[in-house]
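[1] Return a 3D structure for these sequence lines:
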Amino acid sequence: MIPSVQPRRWPLPLVAGLLAVLGAGCLVAAGSVSGRATTTSPPAASSRPTPGIAGSVPADAAATEPAAVGVRPVAERADPGWVARTAEAGGIPARAMAAYAGAALATAESHPGCGLGWNTLAAIGYVESEHGTIGGAKIAADGTTGPPIIGIPLDGAKGVARVSDTDEGALDQDTTWDRAVGPMQFLPATWTAHAEDGNRDGIADIHNIDDATLTAAAYLCDTGGDLTIAQNWIRAIGAYNPGAAYNKAVVEAARRYATLA
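    Have a look, this model is predicted:
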């Protein structure tokens, strides 16, 4: 079976025993989101040794108008002042930060029981593509990353997954093997099945950070359910990209970002 996961652009060691390696104290689950754009209150922090909760994302006032809810581009959802301050504090490109925060707010509406926070999305974006900047790539004002971020061939060599071509090279420019694509590093088959239109332009573009981040957010929530529960968070990250080393890298980044707001 072709796994519906997104392997990294670089090979990871095959590490067994994820749960044995990562104790509950090492985890960072989705942070809460708040603000007038959300439809439910953020989940309360548990007294159990579950992951840390990131600070709230304040919604932009215009994004809370009834006509804007559900249709406003994700990058315009969070308060721009908060986005700028948090991005600077965390060394995150402001355009990427707007996508992470906005996708968290949007997902609070579409998946109210998920509890996904911007810090988890930012952590994945950092590990996968250094927030869309790896290899000299840049994020344009409209959210498009370029030059295109395309991973190594998934040919089974050096510990990477073996995934034969599924898109005839349409997304990954490889007609033999699949490759992870875009700032959030999706496999073509997974993108085709789950793609979201984050910037609301009518096109789901794997190279657009708004579209890719909203897709990642929905995928994590669909896979993990309530991500304020440690086991669910582990399962969601493992579905996104399996391996203890990957999980640990996302944990460390998410924990770091959770302290920013």
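
[2] From here on, just use CA atoms for contacts and neighbour counts.
    Will do.

[3] Would you map the helices across this protein?
    Assigned helices in the chain, in chain order: 18-21, 80-90, 94-110, 118-129, 188-194, 209-224, 230-240, 244-258 (criterion: DSSP state H).

[4] Please convert the ones you listed to a markdown table, extending it with mean neighbour count.
    Converted to a markdown table, the helices of the chain look like this (neighbours: other CA atoms under 10 Å):
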| stretch | mean neighbour count |
| --- | --- |
| helix 18-21 | 12 |
| helix 80-90 | 17 |
| helix 94-110 | 27 |
| helix 118-129 | 26 |
| helix 188-194 | 18 |
| helix 209-224 | 26 |
| helix 230-240 | 22 |
| helix 244-258 | 21 |
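
[5] Of all those helices, which one is nearest G146?
    In terms of CA to CA, the element of the helices of the chain nearest to G146 is helix 209-224, at 10.6 Å.

[6] Surely E196 and G202 touch.
    No - taking contacts as CA atoms under 8 Å, E196 lies outside contact range of G202: 9.6 Å.

[7] Between the two, which has more neighbouring residues?
    Higher neighbour count among E196 and G202: E196, with 24 against 9, using other CA atoms under 10 Å.

[8] residue contacts, the closest residue to that one other than its chain neighbours?
    Nearest residue to E196, sequence neighbours excluded (CA to CA, 6 or more residues apart in numbering): T215, at 5.0 Å. T215 is in contact with 191, 194-198, counting by CA atoms under 8 Å, 6 or more residues apart in numbering.

[9] export those to CSV and tack on pLDDT?
    Output for the contacts of T215, formatted as CSV (pLDDT from 0 to 100):
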residue, pLDDT
W191, 98
H194, 97
A195, 97
E196, 97
D197, 97
G198, 97
